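>>> Here is a sequence with its predicted model. Questions after.
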2 protein chains.
Amino acid sequence: MAMTIKDVAKRAGVAVGTVSRVINGRPDVNPKLREKVERVIREMNFRPNARAQSLGRNASPIISFILSNRSVLHPFHARVLQGVEEYCAQAGYFVVFARFDYSRDTAVGALRLPGVLQSHGIADCVIAAGTNYGNFLEALDRLGMKYVSLGNNLITAEEQPPVNQVRFDDYGGTVEATRYLIQLGHKDIYFVGDTSLPWCQHRYEAFSKTMREAGLEPHGFTTGLADDHFMNGLNSVSFLLEHNHAMTALFAGNDDVAYGAWEALNRHGLKVPGDVSLIGFDDQYGPRRYPQLTSVRVRTDEVGRELGKMAIEKIRTGAVDIPEVVVPTKLERRGTCRPLPNDVARRKPALQDEIATTSGGT
Amino acid sequence: MAMTIKDVAKRAGVAVGTVSRVINGRPDVNPKLREKVERVIREMNFRPNARAQSLGRNASPIISFILSNRSVLHPFHARVLQGVEEYCAQAGYFVVFARFDYSRDTAVGALRLPGVLQSHGIADCVIAAGTNYGNFLEALDRLGMKYVSLGNNLITAEEQPPVNQVRFDDYGGTVEATRYLIQLGHKDIYFVGDTSLPWCQHRYEAFSKTMREAGLEPHGFTTGLADDHFMNGLNSVSFLLEHNHAMTALFAGNDDVAYGAWEALNRHGLKVPGDVSLIGFDDQYGPRRYPQLTSVRVRTDEVGRELGKMAIEKIRTGAVDIPEVVVPTKLERRGTCRPLPNDVARRKPALQDEIATTSGGT
DNA sequence: TTTGCTTCATGAACCGCTTCATAGCGACGA
DNA sequence: TCGTCGCTATGAAGCGGTTCATGAAGCAAA
């Protein structure tokens, strides 16, 4: 019932093969004939059937974006997805979105993969975002499925071969932010966030290293609840304050942890940046959320575009030795840090007093 | 090179048709034979080629989620998308995500549709989310493409046929929130938000109607900049305060407008809810963002699931007369509203004084 | 004129699965 | 015993493209 390439061929008085070659822009078609066929295609408003093309070419125009181990599509990954889609659309590829929850401990054979991967031939490459582990990637290998991964939350064993990946510069961003605090004169800087999470741990490591290089003692602290960063920040900082930890600056694992920390400071009567300087990570909310937060900006959309680009390269060339892409980060200063006055030492007891009078529950 | 249904047939000693019928769970296969074929499939770890299935069946397992006229995938639509994916995955469908920007004034034939729609046969149904206009839907009609739409931001002319849609109960939620404020004793209630946006206008209309029914005068106000709701709220409320408008409650078009309004109130030294009660819409941030906001909760994921369900129904049955689905909303009370004390009248001059002393720039 | 070479259109084979007309087979009733 | 019928397996004909071996046509050189 629908129009096919045969109808076009008949109408144009040529063979189907010729129409096909015209559609695909092959060089070996006489220019005059090409023009004629193109006119007929336009006249008939013919659009080739993508399913048939896909089968004939034995290639799919689809790339699968898999968000692993994330119960919700947070703004961070939403923007990555958007970047992926932007690049892919421009290159003639389409992006199917799927979530996938799994445990790192599940045997490779026992993983119940998402439908896009169970059926064979839907997508030609997977972009693994969210948090991923070696077992999933090995499952993809076994399926013969190509993949690239968002590197920041990728945990693989040492002995596994390197994974083609795009990541943003966690390390550099953390170093920049930490140095900034040190430069402002801060010495008692606490890192807050659930360091059992790989990305958070990376950040803490970079923080520690930078602190040590400056001859300072790094502190890291977290109180449970990895899945709710705001509460993690709130509880962690409350706990610290209630135990008379003196701090002049906080570096939070991400922006939600930072806002939670801020709330804890508020509740204890401490001002940002008057009493405590505060830095977040991701710059998830940008300059539009009030109160604004000094944070390490990640070009999330750029990460997405690079992932799309790498996936397509992988599909087209089958390359296995694609070098890792690292998207730079940048500290955005938005007024939650201030230089430390010289009378810090005097503040400590005052701080303790305040804590004593305002301590709340755990 | 890859394994095909023929290999399975040979190995199991049956015809390809039989294998196909086993795979598709057709009834007319002898149970013993079925089991045998199934065993062979398992042994060979055979997975049918989805591209070939799709061509053979002349049907695609793909649904296209199109986010129209939204430069970013905001949390609201991210959750809708997630709901769509959840339902579709469970029903054996996949979701391709694409953005699409267009003007409502572009002629139907001149719309440059996204790639997923330009090539024919990728997806069997479109879910139109974001803000959509009649011209796009007509373009879809002309392509013979099935579609369902998120109804809340859908603007079509009266004469166009009804569109199969899912929407959340804007109207009911607004009425509930407005009545709540009225019941608390508020009379000077302002609606803030860019009412040139259709959804915002709907909310304002429902607000107005409810106010009038209670014998109260509805006020609505906005100051430019539809694309940044926070700033819209901030500027609008600043402007109102600087012009000595007395208000005891604010109803914001959405949560970002509400937080912007809150910031304006802060800057003018007014407390929420002490001086002004505040209600948002969407409950986009839920209970986790501080300060918490009383807001009308929209079950975004449910909206997504219903969209997925309707799309699949449309694909399977080809139905055209699917009744509209309305997802209920609910007012979440989070402490930004308080009953109005009886001395309101006395507050007005005080309010004006405060404004006089704290007025900032435009 | 013949030969050799390039250019370019042809159409059949094929991609891997679904579907359907056909037929084999056994049981049952007449 | 034969005819009928229901159950079930067969395999060829699609689905709508891509691709490639083939050969026709045109042209330059011998």
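Received it, and whenever you're ready, just let me know what you need.
>>> Spell out, range by range, the helices that occur in the stretch 101-250 of chain A.
A:115-118, A:134-143, A:170-183, A:198-213, A:229-242 (DSSP state H, counting those that start in this stretch).
>>> what about the second one, average pLDDT?
The predicted model assigns helix A:134-143 a mean pLDDT of 95.
>>> What spatial separation is found between residue A:260 and residue B:266?
20 Å (Cβ to Cβ, to the nearest Å). (Glycine included, C-beta is placed from N, CA and C.)
>>> Please identify which of the two sits among more neighbours.
residue A:260 (28 against 14; other Cβ atoms under 10 Å in any protein chain shown).
>>> Do the host helix or strand of the more buried one and chain B come into contact?
Assigning secondary structure by DSSP states H and E places residue A:260 in helix A:255-267. Yes: Helix A:255-267 comes into contact with chain B (Cβ under 8 Å from any Cβ of the partner chain), by way of A:256, A:259, A:260, A:263.
>>> just for the stretch 101-250 of chain A, where's the confidence low?
A:225-226 (pLDDT under 70).
>>> residues from it in reach of chain B?
A:114, A:115, A:116, A:118, A:119, A:120, A:121, A:122, A:228, A:230, A:231.
>>> Dump these to JSON lines, plus distance to residue A:331.
JSON lines is the format used below for these (distance: Cβ to Cβ, whole Å):
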{"residue": "A:114", "distance to residue A:331": "37"}
{"residue": "A:115", "distance to residue A:331": "41"}
{"residue": "A:116", "distance to residue A:331": "38"}
{"residue": "A:118", "distance to residue A:331": "43"}
{"residue": "A:119", "distance to residue A:331": "45"}
{"residue": "A:120", "distance to residue A:331": "46"}
{"residue": "A:121", "distance to residue A:331": "45"}
{"residue": "A:122", "distance to residue A:331": "41"}
{"residue": "A:228", "distance to residue A:331": "26"}
{"residue": "A:230", "distance to residue A:331": "22"}
{"residue": "A:231", "distance to residue A:331": "26"}
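>>> Next, format these as a markdown table and append distance to residue A:202 and neighbour count.
Compiled in a markdown table, those are given as follows (distance: Cβ to Cβ, whole Å; neighbours: other Cβ atoms under 10 Å in any protein chain shown):
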| residue | distance to residue A:202 | neighbour count |
| --- | --- | --- |
| A:114 | 27 | 21 |
| A:115 | 32 | 19 |
| A:116 | 29 | 24 |
| A:118 | 32 | 13 |
| A:119 | 35 | 19 |
| A:120 | 35 | 19 |
| A:121 | 36 | 20 |
| A:122 | 33 | 21 |
| A:228 | 21 | 16 |
| A:230 | 21 | 23 |
| A:231 | 22 | 18 |
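>>> quick revisit: ok, so of the residues of helix A:255-267 next to chain B, who is nearest DNA strand C?
Distance to DNA strand C across the residues of helix A:255-267 next to chain B (Cβ to the nearest atom of the strand) is lowest for residue A:256, with 45.8 Å.
>>> after the helix holding residue A:260 comes which helix or strand?
Using DSSP H and E, the helix or strand that directly follows helix A:255-267 along the chain is strand A:277-282.
>>> helices or strands up against the next helix or strand after that following strand?
Downstream of strand A:277-282, the next assigned helix or strand under DSSP H and E is strand A:295-298. Using 3 or more Cβ pairs under 8 Å, 6 or more residues apart in numbering or on different chains; DSSP states H and E, the elements in contact with strand A:295-298 are helix A:170-183, strand A:277-282, strand A:329-332.
>>> Given the shortest one, what are its sheet partners and their directions?
Yep, that's strand A:329-332 we're talking about. When pairing is defined by DSSP bridges, strand A:329-332 lines up against strand A:295-298 (antiparallel).
>>> how many other residues sit next to residue A:221?
18.
>>> any idea how far it is from residue A:340?
Residue A:221 is 20 Å from residue A:340, by Cβ to Cβ.
>>> wait, residue A:202 sits on residue A:172?
No: using Cβ atoms under 8 Å, residue A:202 is not in contact with residue A:172; the gap is 11.4 Å.
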